[in-house]
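S.K.: what follows is a protein structure lacking sequence information:
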């Protein structure tokens with residue numbers, strides 16, 4: 001019965017496996033064990049010092065006691081995967097060490113590229129490659145983490161400028177995810193086996209809205225969450241990959257529970273750049289800009305030709321083109337895709 005409850009109430013942010021790959025081996029187990037305590041501490045501080053004090057009395061009561069769990073990888077686990085469920089009066093929020101580390105490296109990669117003037121699109125192509133590129137075409141014939149795969153220094157986070165930016169982005173992403181998962185518990189969202197796919201997507205929108213509200217209360221801009229979603233749009237199937245609206249609709253109605261849907265991103269974009277930005281005072285411009293970035297992600301999802309081209313580049317282009325540096329991924333897209 002306990003196992004059934006666990007499975008039926010699985011709620012969270014899930015990603016589609018890549019070509020049947022076992023991405024749970026992306027990091028050495030010993031390395032994850034060494035990082036586990038540090039990552040657990042980071043999550044605990046974000047919750048206790050930031051999120052928990054910002055919850056209203058009714059929200060705290062509705063969520064109940066919160067227990068975080070940090071499992072090490074099991075075969076088949078996927079990075080960037082978080083979920084929550086209710087166990088009696090307790091909210092169980094599962095933050096796998098694999099996902100926490102992968103997200104930390106993701107934000108480090110974006111920060112390093114930004115500070116050093118490299119194109120961040122090469123990082124996007126890495127996440128597309130995890131879905132479209134055979135393992136035989138990866139360096140060492142192994143799916144590796146984003147820093148290793150792209151040749152970004154492991155200690156990139158120590159570089160002046162990268163240190164503060166990567167930490168801010170990581171913590172913003174962690175905060176959004178924690179609040180999002182708590183929302184599933186607060187609003188008594190049912191397991192996906194018990195509801196329609198449409199209701200599952202509506203639950204995601206509601207949880208996104210709650211997470212953004214919590215971040216606004218703490219004056220924490222959700223920029224890290226934008227980069228999290230940016231990586232995910234290259235990991236999920238989305239509208240741009242389907243030949244017709246009917247095919248996309250059939251996928252939404254029969255398969256998807258967490259699609260990177262245009263409506264979901266546009267809903268967040270409107271809320272961030274509208275009501276939330278209007279209440280930010282001097283920081284209004286920053287929040288409006290973040291909403292604009294989210295709107296740009298939605299536009300990527302709507303562009304079918306771009307989706308096809310990105311998939312081909314990620315699968316076929318020489319690996320050095322995908323690495324930050326002198327190579328121009330725009331040239332690769334023109335070369336592989338025939339220049340449009």
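M.R.: Nice, I can see it. These numbers were taken from a predicted model, which means no experiment stands behind them. Numbering: from 1, shown residues only.

S.K.: moving C-terminal of the helix or strand harbouring residue 293, what's the next helix or strand?
M.R.: When elements are assigned from DSSP states H and E, residue 293 belongs to helix 284-302. Heading C-terminal from helix 284-302, the first helix or strand you meet, by DSSP H and E, is helix 304-316.

S.K.: show me which residues of the helix holding residue 293 are buried.
M.R.: Within helix 284-302, the residues that count as buried by 16 or more other C-beta atoms under 10 Å are 287-291, 293-295, 297-298, 300-301. The C-beta positions use only the backbone N, C-alpha and C, and glycine is treated the same way.

S.K.: tell me where the stretch 201-340 of the chain has helices.
M.R.: 223-233, 245-254, 262-271, 277-278, 284-302, 304-316, 329-337 (DSSP state H, counting those that start in this stretch).

S.K.: same question but for the stretch 51-200 of the chain, I mixed them up
M.R.: 52-54, 57-63, 97-116, 121-132, 146-150, 162-186, 197-217.

S.K.: for those helices, which one sits closest to residue 232?
M.R.: helix 121-132 (7.7 Å; C-beta to C-beta).

S.K.: packing partners of the closest one?
M.R.: helix 97-116, helix 146-150, helix 223-233, helix 304-316, helix 329-337 (3 or more C-beta pairs under 8 Å, 6 or more residues apart in numbering; DSSP states H and E).

S.K.: picking up where we left off before, most tightly packed of the helices of the stretch 201-340 of the chain?
M.R.: Across those, averaging neighbours per residue (mean count of other C-beta atoms under 10 Å) puts helix 223-233 on top, at a mean of 23.

S.K.: which residues touch that helix?
M.R.: Around helix 223-233, the neighbours that count as contacts under C-beta atoms under 8 Å, 6 or more residues apart in numbering are 13, 15, 80, 103, 106-107, 110, 123-124, 127, 168-177, 211, 215, 260, 265, 290, 293-294, 297, 300-301.

S.K.: am I right that residue 284 is in contact with residue 276?
M.R.: No. Counting by C-beta atoms under 8 Å, residue 284 does not reach residue 276; the two are 9.3 Å apart.

S.K.: point out where the stretch 1-150 of the chain drops to low pLDDT.
M.R.: 1-21 (pLDDT under 70).

S.K.: surely residue 42 meets residue 173?
M.R.: No. Contact criterion C-beta under 8 Å: residue 42 and residue 173 do not qualify, at 11.1 Å.

S.K.: between the two, which has more neighbouring residues?
M.R.: Under the criterion of other C-beta atoms under 10 Å, the comparison of residue 42 against residue 173 puts residue 173 first, with 25 against 17.

S.K.: where's the nearest residue to that one once chain neighbours are set aside relative to residue 171, distance?
M.R.: The shortest distance from residue 173 to any non-neighbouring residue, by C-beta to C-beta, 6 or more residues apart in numbering, is to residue 224 (3.6 Å). Per C-beta to C-beta, to the nearest Å, residue 224 is found 7 Å from residue 171.

S.K.: next, residue 324: phi, psi?
M.R.: Backbone torsions of residue 324, given as degrees, to the nearest 10, read phi -60, psi 140.

S.K.: that one - how many residues pack around it?
M.R.: By other C-beta under 10 Å, the burial measure for residue 324, its neighbour count, is 21.

S.K.: hang on, it packs against residue 119?
M.R.: Yes. Using C-beta under 8 Å, residue 324 is in contact with residue 119, at 6.6 Å.

S.K.: what's the overlap in contacts for the two?
M.R.: residue 113.

S.K.: got the confidence number for the residue most central in space within the chain?
M.R.: Centroid check for the chain by C-alpha atoms, centre = their mean gives residue 228 as the closest residue, at 3.3 Å. For residue 228, the model assigns a pLDDT of 92.

S.K.: same question, residue 248
M.R.: 66.

S.K.: follow-up on the earlier one: which two among the buried residues of helix 284-302 are spaced furthest apart?
M.R.: Farthest apart among these by C-beta to C-beta are 287 and 301. That separation is 21.9 Å.

S.K.: thinking again about what came up before, export the helices of the stretch 51-200 of the chain to TSV and tack on distance to residue 271?
M.R.: Output for the helices of the stretch 51-200 of the chain, formatted as TSV (distance: least, C-beta to C-beta, whole Å):
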stretch	distance to residue 271
helix 52-54	17
helix 57-63	18
helix 97-116	22
helix 121-132	24
helix 146-150	29
helix 162-186	13
helix 197-217	6
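
S.K.: which one of those lies nearest to residue 72?
M.R.: helix 97-116 (5.5 Å).

S.K.: state the number of residues packed around residue 146.
M.R.: Neighbour tally, residue 146, other C-beta under 10 Å: 21.

S.K.: ok, it - contacts?
M.R.: Per C-beta under 8 Å, 6+ apart, neighbours of residue 146: 102, 105-106, 109, 123, 126-127, 152.

S.K.: okay, it and residue 155: tell me how far apart.
M.R.: Distance, residue 146 to residue 155, by C-beta to C-beta: 15 Å.

S.K.: of all the helices of the stretch 201-340 of the chain, which lies closest to residue 195?
M.R.: Checking the helices of the stretch 201-340 of the chain against residue 195 by C-beta to C-beta gives helix 245-254 as the closest, at 12.6 Å.
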